[in-house]
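**Q** What follows is a predicted protein model with its sequence.
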Amino acid sequence: MSRFRSLLSLLPLLAVACAAPATDRRPERPNLVVLFADDLGYGDLGCFGHPIIRTPNLDRMAAEGTRFTQFYSASPACTASRYSLLTGRLAARSGFAWVLVPSSPRGLHAAERTLADELREAGYATAAVGKWHLGNRPEFLPLAHGFDEYLGLPYSNDMLPPRWPPIPPLEGDKEVESGPDQSTLTRRYTERALSFIDRNRDRPFFLYLAYAMPHVPLHPGAAFAGRSPRGAYGDAVEEIDWSVGRILDRLRRLGLAERTLVLFTSDNGPWIIKGLDGGSAGLLRDGKGSTWEGGMREPAIFWWPGTVPAGRVERAVASTLDLFPTALELAGRPLPEPGRGRNGAVLDGRSILPLLLGRGAPEDRPFFYHGPGHVLHAVRLGRWKLHLKTSSQTGKEYFEGRVPLLFDLERDPSETRDLAAEEPEVVARLTALAAEHEREVAEHGSFWDRG
């Protein structure tokens, strides 16, 4: 009996030991995998509340990792959001249009430093797979911006004849065919991602997989077409879920799971004007193209067994801008000075490593919502969001087009109750932050502006 009591006395200590975070054992240079959906809505995954679309692999990823409920894309548009993800900079600094088309004369400037540039210099193997959409000339493509290899489409899967030439699938910067069978894209991208992981299992790697869908037109693979009760949109999402499952399973099988940080999120909100061919922002207002919450707040899951806490919900505000400095910190690539890259460019993100490790939220900072033409539409600080301009692809004028509008997003994430008249001091404070931000962006300009 005394021995039993002795064992009981050790249980609290054992519990503490078992619950202690494994962060001190994380590898010095972990792998990084970014899985980037296209036009996926905040409410389109089972773990974010969708009642019909089946996403068992993403649901498991959330159960084994941390789900962020206030995670933002830096833009509600395809091109701009990808620029920000890869550079840690707001697309208002890019010097190119909100959405590039095949004839666009500009793309990702040669002076920009991407996450792939940084990680390759740190000894990582780097690969981009899928949609690029940052310019389709050789000097704008992935191989010119830090990636060792690339397979994918240079722009959106809806930029089709007769308005545009057939989409050229690229291997590196060479066209390998004309007008691909889009129903094979998710499978082909997944196979290339698995091959890259297999080939680089013994060194640190960065894999950026940007799916073509559920952007319209929807072309789910033959094994998924007609299976989802949500129709073709559900088919496309469920095939992406399958792809995520294959990639996580391969990391587990190769013994790489505890050495790899994986992020799943989307470039912007759902294309709601497409009806059933578009997705759902859940309880959030509006969708793609707008700076309402449905346009920019995205489902986000971070997975890193043994390091990122399992089954956790993180409610702090974070964004795709934060991936760049976070990854650099993990790879041992310190920035030369706060808020600056090695090229002297302004960085808009910050490391969210403390959030990923479950060590608490950093101090509040403003988040800026840029709409069409990179125009500042809204600013958020803490619980408060102030709209100075509004837009919607639906053409709706919410609140009769009145601005400014102020919302308490902690209590009202659907942006239903305007509090501007009740909180004039908050309106004044956020208006001043917005004006200062616009001055700063105009002052620094873009690399294109410098000639």
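**A** Now that the structure is in, tell me what you want to look at.
**Q** Show me where the stretch 351-451 of the chain has its helices.
**A** Along the stretch 351-451 of the chain, the segments classed as helices by DSSP state H, counting those that start in this stretch run 353-356, 424-444.
**Q** Could you point out which of these sits nearest Thr265?
**A** Thr265 lies closest to helix 353-356 among those, at 13.6 Å (CB to CB). (C-beta placed from N, C-alpha, C; glycine too.)
**Q** Distance from that closest one to the middle of the chain?
**A** A distance of 16 Å separates the C-alpha centroid of helix 353-356 from that of its chain, computed with CA atoms, centre = their mean, to the nearest Å.
**Q** Could you name the helices and strands sitting against that helix?
**A** Packing partners of helix 353-356 (3 or more CB pairs under 8 Å, 6 or more residues apart in numbering; DSSP states H and E): helix 323-330.
**Q** Same question for the helix it packs on: list its buried residues.
**A** 323-328, 330 (16 or more other CB atoms under 10 Å).
**Q** Closest one of those residues to Ile240?
**A** Leu323 (19.3 Å).
**Q** Identify the residues contacting the closest residue to the closest one other than its chain neighbours.
**A** In this structure, Leu323 finds its nearest non-sequential neighbour in Leu85, 6.3 Å apart by CB to CB, 6 or more residues apart in numbering. Listed by CB atoms under 8 Å, 6 or more residues apart in numbering, the contact set of Leu85 reads 34, 36, 73-74, 115, 267, 320-321, 323-324.
**Q** Next step: those restricted to helices.
**A** In this view, the contacts of Leu85 that belong to helices under DSSP state H are 115, 323-324.
**Q** Would you mind putting those into CSV with distance to His219 and pLDDT alongside?
**A** Below are these laid out as CSV (distance: CB to CB, whole Å; pLDDT from 0 to 100):
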residue, distance to His219, pLDDT
Leu115, 29, 98
Leu323, 28, 98
Phe324, 31, 97
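**Q** can you tell me the helix or strand for the residue nearest to Leu323?
**A** Secondary structure assignment for Leu85, by DSSP states H and E: helix 78-87.
**Q** got the angle for that helix vs helix 323-330?
**A** 20 degrees (axes from the mean of the first three to the mean of the last three CA atoms, to 10 degrees).
**Q** export helix 78-87 as CSV, just CAs?
**A** Written as CSV, here are the backbone C-alpha positions of helix 78-87 (Å, rounded to 0.1, in the frame of the first residue of the first chain):
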residue,chain,number,x,y,z
CYS,A,78,-5.2,36.4,-55.6
THR,A,79,-2.0,38.2,-56.8
ALA,A,80,-1.7,40.6,-53.9
SER,A,81,-2.2,37.9,-51.3
ARG,A,82,0.6,35.7,-52.8
TYR,A,83,3.0,38.6,-52.9
SER,A,84,2.4,39.3,-49.2
LEU,A,85,2.8,35.6,-48.2
LEU,A,86,6.1,35.3,-49.9
THR,A,87,7.6,38.7,-49.0
